Structure formats: C-alpha cells, structure tokens
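[1] Quick one, structure for this:
(one chain, ligands or ions: 1)
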Amino acid sequence: MKKEKILVICAHNDDQIIGCGGTFAKYVREGKIVKTIVFAYGEKSHPHYKPQIIQKQRVREAIESDKILKGKGIKFLGLKDAQFEKEIKEKNIKELIFDLIKKEKPNKIFTHSNDDFHPDHNSVYKLMKEMISEKKITCNVYTFDVWNIIKLKKRDLPKLVVDISDTYKTKSEALKVHKSQYNLPGIIGLRFRMFIHALINGLNHGYKYAEVFYKIK
Ligand SMILES: [Zn+2]
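    Prediction:
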C-alpha cells in the first residue's frame with residue numbers, strides 16, 4: 001500500500017511546529033510521509049543582523065527541527081517577510097506550489113488559518129483558499145487552530161482533533177532548536193502559550209494534549 005503523504009504549507013520555519021508539530025510527529029510514527037513548504041526565512045525577526053546570516057541560521061534550525069520531527073525535508077520559497085502578497089504574484093508562487101502538489105500528490109495539507117491576524121500567515125491562507133477554489137488543490141486541507149478572541153469564522157467548519165499526548169515532547173523539542181528565535185524576548189511566552197494551548201485542547205477533548213484543526217477542503 002502506498003504511504004499516506006502530508007504537506008505542511010506555512011509562512012515561517014517554526015509555524016509547522018507551533019501549528020501541527022505534535023500531529024506531524026504522530027503521523028511520522030504511523031508511517032506517513034510529512035514534508036514542509038516554508039514561504040520565508042523570517043529574517044525580519046532580527047533587524048540588527050544581516051539577512052543572509054539569519055537565513056543561514058534559520059535554515060540550519062529548520063533542518064535540525066525537521067530531523068527531530070522525522071520529516072522528509074523542507075522546501076524554502078525564500079519570500080521576504082511582510083511582502084508576501086507582492087512576492088506571491090511576482091515570483092509566481094501559485095504555479096510553483098501547484099507543481100509541487102502535482103509532484104507530491106499529498107493526501108492532506110495543513111496550513112494557516114483565516115483567524116490568524118499575522119499578515120504573512122494570512123497571505124498563505126488566502127493563497128491556499130484561492131487554489132482550492134480554482135481546483136488546483138483537491139485533497140483535504142486543514143488549518144491550524146489559532147487563539148484569538150473572535151473565533152466566529154470557523155464555527156461551522158468540521159474539526160479534526162489529534163491526540164498528541166505521546167508526541168507533545170517531540171513538538172516541544174523541535175521548537176527548542178530554533179535558537180535564533182529562542183533568544184528573543186517573548187519566546188518563553190511562545191513556548192508557554194504552545195503548552196497551554198495543547199493542554200486546553202486536550203482537556204476539551206479528553207486527552208492529555210491535543211491539536212485541533214479546521215477543515216476548509
Ligand atoms: Zn509565522
């Protein structure tokens with residue numbers, strides 16, 4: 001039987017961990033193939049460093065975290081932070097992703113949510129949505145669960161709940177690798193929020209830890 005294949009399509013190289021790291025690790029344990037497509041290098045997070053240095057470091061961190069999750073590789077599209085909308089058009093990203101999808105033939109795609117107010121995350125969501133309506137994406141597509149006050153948009157969307165009790169540790173380990181991020185103020189807050197998020201999703205669904213997704217296709 002052919003192995004199930006999953007594509008995670010996200011803006012930055014830690015979004016796949018925060019959004020679906022536990023599910024990612026769990027699917028790999030179940031023998032599925034998981035690959036990641038990352039839009040940007042995230043060099044904007046360090047305004048005082050040269051972008052190239054940050055790029056190299058973040059690529060290294062991404063490869064290391066992919067090893068921890070036992071993913072089958074990360075493809076970087078190299079877009080500039082905060083310029084996604086423009087660069088998606090200029091660099092013909094839609095066709096590029098369409099070609100990748102035709103090649104990989106994923107059974108499932110995980111990506112950003114419409115509830116995500118981060119402009120880069122939202123640009124990725126919009127592109128996915130466009131590709132779905134143009135039938136360039138025909139497999140199931142799930143969006144990450146995002147914490148914000150207004151959750152009305154996804155009220156009617158079918159939910160996918162994944163028990164990540166056995167793989168939460170791996171998710172946490174994979175995030176720790178991101179040292180260029182790790183040293184920034186706020187990262188402790190990020191790890192703590194990720195923990196609380198998994199805990200509350202777990203409590204709500206009868207698991208120790210869980211990740212929740214909303215099906216948009
Ligand atoms: Zn991001």
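[2] Give me the helices and strands touching whichever helix or strand residue 65 is part of, please.
    Element membership of residue 65 [criterion: DSSP states H and E] is helix 51-69. Under the contact criterion of 3 or more Cβ pairs under 8 Å, 6 or more residues apart in numbering; DSSP states H and E, helix 51-69 touches helix 15-29, strand 33-40, strand 74-79, helix 168-176, helix 179-182. For every residue, glycine as well, the C-beta is placed using N, CA and C.
[3] closest to residue 200 out of these?
    helix 168-176 (12.8 Å; Cβ to Cβ).
[4] Would you mind listing what in this protein touches the ion?
    11-12, 15 (Cβ under 5 Å from the ion).
[5] swap the cut-off to 6 Å and go again
    11-12, 15, 118, 121 (Cβ under 6 Å from the ion).
[6] Dump the residues you listed into JSON lines; add neighbour count, secondary structure and distance to residue 102 as well.
    Converted to JSON lines, these look like this (neighbours: other Cβ atoms under 10 Å; DSSP: H, G, I helix; E, B strand; the rest coil; distance: Cβ to Cβ, whole Å):
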{"residue": "11", "neighbour count": "27", "secondary structure": "coil", "distance to residue 102": "22"}
{"residue": "12", "neighbour count": "23", "secondary structure": "coil", "distance to residue 102": "25"}
{"residue": "15", "neighbour count": "27", "secondary structure": "helix", "distance to residue 102": "24"}
{"residue": "118", "neighbour count": "15", "secondary structure": "coil", "distance to residue 102": "28"}
{"residue": "121", "neighbour count": "25", "secondary structure": "helix", "distance to residue 102": "25"}
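[7] would you list the helices and strands packed on helix 51-69 in CSV and tack on distance to residue 156 and mean pLDDT?
    Compiled in CSV, the helices and strands packed on helix 51-69 are given as follows (distance: least, Cβ to Cβ, whole Å; pLDDT from 0 to 100):
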stretch, distance to residue 156, mean pLDDT
helix 15-29, 21, 97
strand 33-40, 28, 96
strand 74-79, 31, 94
helix 168-176, 28, 95
helix 179-182, 34, 65
